[in-house]
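Chemist: Give me the fold of what follows.
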Amino acid sequence: MSRCSLSLWDHRLPPKAEYGFLGPVMDVMDCATVLRRHDMLHWFLANCEPRKVLIRVAANPKNPPRHFASLDEYFALEQAGDARYEYWDGEIVCMSGGSFAHSVIATNIIQAIGRRLVDGRCRAFSGDLPVKTPTLLPYRYPDVSAICGEPITENIRGVDVLVNPVLIVEVLSPSTERRDRGDKFTAYKQISSFEEYLLVSQQAPTVTLYARIDSTVWTSRDITGIDANFRFESIDCDVTLRELYDGIRITETL
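Modeler: Numbers count the residues shown, from 1 in each chain. Alright, predicted model coming up:
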């Protein structure tokens, strides 16, 4: 009898890791039986502990066929626990967790912004608050977002989603950088309120700041060096790279 493996696609793995698998979690029914199920994810959530998620099924884990997950499967998973997931054209990607540096940098950004937004006009949010992306449904989980004025939210299948960010920040990792610079940025650009986009390296004190000039034109600027600083025009505050990388060991070559 052929066996299937339950595996979780993890965004923290390098992009060249074999299929991004954490590895087999457990054996289940024979593959033919599982594939006859019209809703694999719902079956798994109903019959197994939902700490790991059935994303792909294969008799041979080295050559797995791609399971196209539905939005219903995605929302069932979003509501099953505390982990955060993004939906990418039939693929469900776990966005929770990450490296120590990733966590520290994201926290530093929120704290640095928060110290300056004392008048309450603008506000920063952590990666737990998703942002609606109208051209890449249903929403994305940026590491940091910020608004000025009243926040506008929309409830999508039980999830409160921010509609009007002016600033979005992504801390880059090897497996997310391509999407952060490409498909995600393209989707974020379709948000009418969106004005600035910051990409932050984990490897060196280097950030790239994109700013909207008009509906179709954006400028970009690389800021490098631990003593450098830059300004968020969208929320009217200045930030230093030393603040962003506080608590991160920087090698002498940087």
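Chemist: and residue 137, what are its phi and psi?
Modeler: Here is the backbone geometry of residue 137 (degrees, to the nearest 10): phi -70, psi 150.
Chemist: show me the residues around it that make contact.
Modeler: 71, 87 (Cβ atoms under 8 Å, 6 or more residues apart in numbering). Any C-beta I mention is one placed from the backbone N, CA and C, and that applies to glycine too.
Chemist: Then residue 195?
Modeler: Residue 195 neighbours (Cβ under 8 Å, 6+ apart): 166, 167, 211, 212, 233, 234.
Chemist: give me the beta-bridge partners of residue 220?
Modeler: residue 210 (DSSP bridges).
Chemist: I'd say it and residue 213 touch.
Modeler: No - using Cβ atoms under 8 Å as the test, residue 220 is too far from residue 213 to be in contact (10.9 Å).
Chemist: Can you tell me which of the contacts of residue 195 are classed as buried?
Modeler: Applying 16 or more other Cβ atoms under 10 Å to the contacts of residue 195, the neighbour count classes 166, 167, 211, 212, 234 as buried.
Chemist: ok, so of these, who is nearest residue 95?
Modeler: Nearest to residue 95, judged by Cβ to Cβ, of these is residue 167 at 19.0 Å.
Chemist: Name the surrounding residues that touch the one helix or strand residue 103 maps to.
Modeler: Here residue 103, judged by DSSP states H and E, is contained in helix 100-116. For helix 100-116, contacts defined as Cβ under 8 Å, 6+ apart pick out 124-127, 143-144, 146, 169, 171, 173, 198, 200, 202, 232, 235, 237-240, 243-248.
Chemist: Just give me how far it sits from the chain centre.
Modeler: 16 Å (Cα atoms, centre = their mean, to the nearest Å).
Chemist: Any buried residues in it, and which?
Modeler: Neighbour-count burial for helix 100-116 flags 101, 102, 104, 105, 106, 108, 109, 110, 112, 113 (criterion: 16+ other Cβ under 10 Å).
Chemist: Is it possible to get CSV of those that adds distance to residue 159 and pLDDT?
Modeler: Shown next, in CSV, are these (distance: Cβ to Cβ, whole Å; pLDDT from 0 to 100):
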residue, distance to residue 159, pLDDT
101, 28, 94
102, 23, 95
104, 27, 96
105, 25, 97
106, 20, 96
108, 26, 97
109, 23, 97
110, 20, 96
112, 27, 95
113, 24, 94
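Chemist: Now stretch 194-208: average pLDDT?
Modeler: Here stretch 194-208 scores 97 as its mean pLDDT.
Chemist: of all the contacts of residue 195, which comes closest to residue 93?
Modeler: residue 167 (23.2 Å).
Chemist: Specify the beta-bridge partners of that closest one.
Modeler: Applying DSSP bridges, one finds that residue 167 bridges with residue 146, residue 196.
Chemist: Run the chain-centre distance for whichever strand or helix holds residue 154.
Modeler: Element membership for residue 154 (DSSP H and E) is strand 153-156. The chain centroid and the centroid of strand 153-156 are separated by 18 Å under Cα atoms, centre = their mean.
Chemist: ok, now stretch 221-235?
Modeler: Mean C-alpha position of stretch 221-235 versus that of the full chain (Cα atoms, centre = their mean) differs by 22 Å.
Chemist: Please enumerate residues in contact with it?
Modeler: Under Cβ under 8 Å, 6+ apart, the answer for stretch 221-235 is 113, 117, 122, 124, 146, 148, 166-167, 195-196, 198, 204-209, 211, 237-242, 245, 250, 254.
Chemist: Go through that stretch and flag the buried ones.
Modeler: So stretch 221-235, judged by 16+ other Cβ under 10 Å, has buried residues 223, 226, 228, 232, 234, 235.
Chemist: and the end-to-end length of it?
Modeler: Terminal residues of stretch 221-235 are spaced 17 Å apart (Cα to Cα, to the nearest Å).
Chemist: which residues sit in contact with residue 132?
Modeler: 138, 139, 154, 156, 161, 162, 163, 191.
Chemist: Repeat the analysis, applying 6 Å as the threshold.
Modeler: By Cβ atoms under 6 Å, 6 or more residues apart in numbering, residue 132 lies in contact with 139, 161, 163.
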